[in-house]
Structures are given as structure tokens and as C-alpha cells.
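K.L.:
Sequence first, predicted model second:
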Amino acid sequence: MIKKINDTVQLHNGIHIPRLGLGVYKMTDDQETLQAIKGALSEGYRLIDTAAFYDNEAIVGEAVRQSGINRKDLFITSKVWNSDQGYDETLRAFEQSLTKLKMDYMDLYLIHWPVADKYKESWRAIERLYEEGIVKSIGVSNFKIHHLEDLMTQANTKPMVNQVELHPYLSQQELRDYCNEQQIAVEAWSPIARNRLADEPVLNQLANHYNKTVAQIILRWHLQNDVIIIPKSVHLNRLKENADLFDFELTADDMAAVHAINKNQRFGADPDTFDF
Ligand SMILES: NC(=O)c1ccc[n+]([C@@H]2O[C@H](COP(=O)([O-])OP(=O)(O)OC[C@H]3O[C@@H](n4cnc5c(N)ncnc54)[C@H](OP(=O)(O)O)[C@@H]3O)[C@@H](O)[C@H]2O)c1
């Protein structure tokens, strides 16, 4: 079990990914973003999850350089956006992301959403980048089981990661079981459902019992489910709170109680019907 903030898990290609990272979606103010990322890095976070769509890759790169932390000790993820999918388009989009980051490789590159009729071509391009060694591991995001099965009918390399919406109201048990069988690591986006579960009674009971916050109970539940987490915050106190997860452990009964509040409820788009 994870014991400290920068513990890692090994992906199926042997690369280690931190179990806890910082998501930077909706970080739009440059100075605030810079301070948040540098604050997270100084607190021990080593994974930063960005995307071309977030329009802050340049600031991510800047924060990394200003932190003085050795590049090889960091894990940087970005993603190809929907309008850039296709073989040539994905290669171009990757180059642009890398240029904005001012880095010479990426640790993880993901297909952001499964754009029908395009994602297989995007994947072929991403496999090429992987074979060239310019990205150390590759994966997908918002892929359901049928998307993964379809992709794997022609993939040479199996995705190492699937990043999906995942929190106690959308526990994704079937998808997680499938990914476990396939050795595809699951990474949760909106891991605390953007704090929408703050009033949920079961989570509040556990928070009171362990003298933790609801966010910490949820994040600990993810870790004990072997899920990688990338909570976003621009506030240093919350960055600390979201990483202060290693002095308590949920029991099997607690885990079951959290599982029981699942509603299969998405707050984000459904990967089968998204339109952007
Ligand atoms: N692949 C995809 O399609 C996809 C989609 C969405 C997100 N993501 C990734 O996943 C990351 C995380 O998801 P998310 O940003 O949607 O949601 P999240 O991490 O579940 O929640 C972030 C929100 O909760 C607040 N917050 C953070 N810590 C808190 C705490 N301890 N107590 C109370 N409120 C807290 C933040 O506000 P403050 O910043 O004001 O603290 C922010 O509004 C994103 O940043 C992005 O990297 C990926």
C-alpha cells in the first residue's frame, strides 16, 4: 500500500507513475497556476496532469523549471485534444505540446476522448511516438470497455493508463475490474467530484471518525482501490490536505460503505455521447 506522497506504481511497460499528482484543469490565471504548481512540487507532488485543451502547458513547463527539481524525478502527462485527432494531426499536436512545455520528452501522453473513427489513427501516431522514445508511456482517457476492446483489435501496444471520471458516485467497478485484468492502470479524474459530495452523510461520518475531511476520505478510498489520483487545487492548504492521506487506513467495512453510495452518476460527459 502507498505510504508516502511520491510512492509510485509500475505500469505494464516497467515505467513508474506516482500514485498522487496534481491536475491543472481550469487553472487559467498564469500567476495563480505557477504558484499552485510550484507549491504542489514543494509539498512533494511529482506528477502534473495537463492537456493541450487546458491551455496551460507553457506554465506547467515554467513551474517545473522554476522548481529546480530534476526533470527525471517528475512525471508530466498531457493529452491530444479531440479536434487534433487523426495520425498526422496527433503527431503535430504532440510536437506543439512538447514545444509549449519546453521539454524534450513526456512521461505520459493520452488520447483525451475516444473520438469515433479517429481514435485508432491517433493511437497509431502515439505508438510511433512511444517507439521513438519521446514519450515514456502512453494511454487513453474516457475509454469505456468497448472502446478499449475495439482499440486493442489493432493496437501493437496496449494502453498503460486509462484516465476516467471516477469518484464515490461513479465507482466504475466493472471498468476497473476490466482494466486490472488487462494491466491498464486506472487514473481518476474529478477524484473528489469537485467537492460535490461534501454533504454526503456516509463520507461525513467517516470524516468525523478519522478526524479527516471528506476530500481526504474519498482520496484515501481511491488509493486503497489502487487508483491513481490527480486532485486539482490552486490553494496551498488544500494541496497539503489532499496529500495528507498516509496516517489512517479505511477498514474493509468503510470501503464497502463508500462503495455502497455509488449511483453510476456522471457529472462530466458520457464518452458515448460527448459532443465536443
Ligand atoms: N481526462 C479528462 O477528460 C479530464 C476531465 C476533467 C479533469 N481531468 C483531470 O483531472 C484533474 C482533477 O479533476 P477536476 O479538477 O475536475 O476535479 P477535482 O480534483 O475532483 O476537484 C477540483 C475542485 O475541487 C476543489 N478542491 C480541491 N481540493 C479540495 C478540498 N480538499 N476541499 C474542498 N474542495 C477542494 C478545487 O478548488 P480550488 O482549486 O479552488 O481549491 C476545484 O474546484 C483535472 O485538474 C484534470 O487534470 C481530466
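P.N.:
Alright, I've got the coordinates. Numbers count the residues shown, from 1 in each chain.
K.L.:
thought residue 230 was touching residue 18?
P.N.:
No. Using C-beta atoms under 8 Å, residue 230 makes no contact with residue 18, being 9.5 Å away. For every residue, glycine as well, the C-beta is placed using N, CA and C.
K.L.:
Now for the two: what residues contact both?
P.N.:
Contact criterion C-beta atoms under 8 Å, 6 or more residues apart in numbering; residues shared by residue 230 and residue 18: residue 47.
K.L.:
Tell me if the helix or strand where residue 48 lies is near the ligand.
P.N.:
Using DSSP states H and E, residue 48 sits in strand 47-49. Yes. Using C-beta under 6 Å from any ligand atom, strand 47-49 reaches the ligand at residue 49.
K.L.:
next SSE after that strand?
P.N.:
Helices and strands here follow DSSP H and E; after strand 47-49, the next one along the chain is helix 57-67.
K.L.:
after that following helix comes which helix or strand?
P.N.:
Beyond helix 57-67 toward the C-terminal end (DSSP H and E), the next one is strand 75-80.
K.L.:
Any buried residues in that following strand, and which?
P.N.:
75, 76, 77, 78, 79, 80 (16 or more other C-beta atoms under 10 Å).
K.L.:
Run a quick neighbour tally on residue 18.
P.N.:
Residue 18 has 23 neighbours, counted by other C-beta atoms under 10 Å.
K.L.:
what about the strands in the stretch 101-250 of the chain?
P.N.:
For the stretch 101-250 of the chain, the strands defined by DSSP state E, counting those that start in this stretch cover 106-111, 135-141, 161-165, 185-189, 228-229.
K.L.:
Output the contacting helices and strands for the first one.
P.N.:
Think strand 106-111. strand 75-80, helix 87-101, helix 119-132, strand 135-141, strand 161-165 (3 or more C-beta pairs under 8 Å, 6 or more residues apart in numbering; DSSP states H and E).
K.L.:
try 6 Å this time
P.N.:
When contacts are defined as 3 or more C-beta pairs under 6 Å, 6 or more residues apart in numbering; DSSP states H and E, strand 106-111 packs onto strand 75-80, helix 119-132, strand 135-141.
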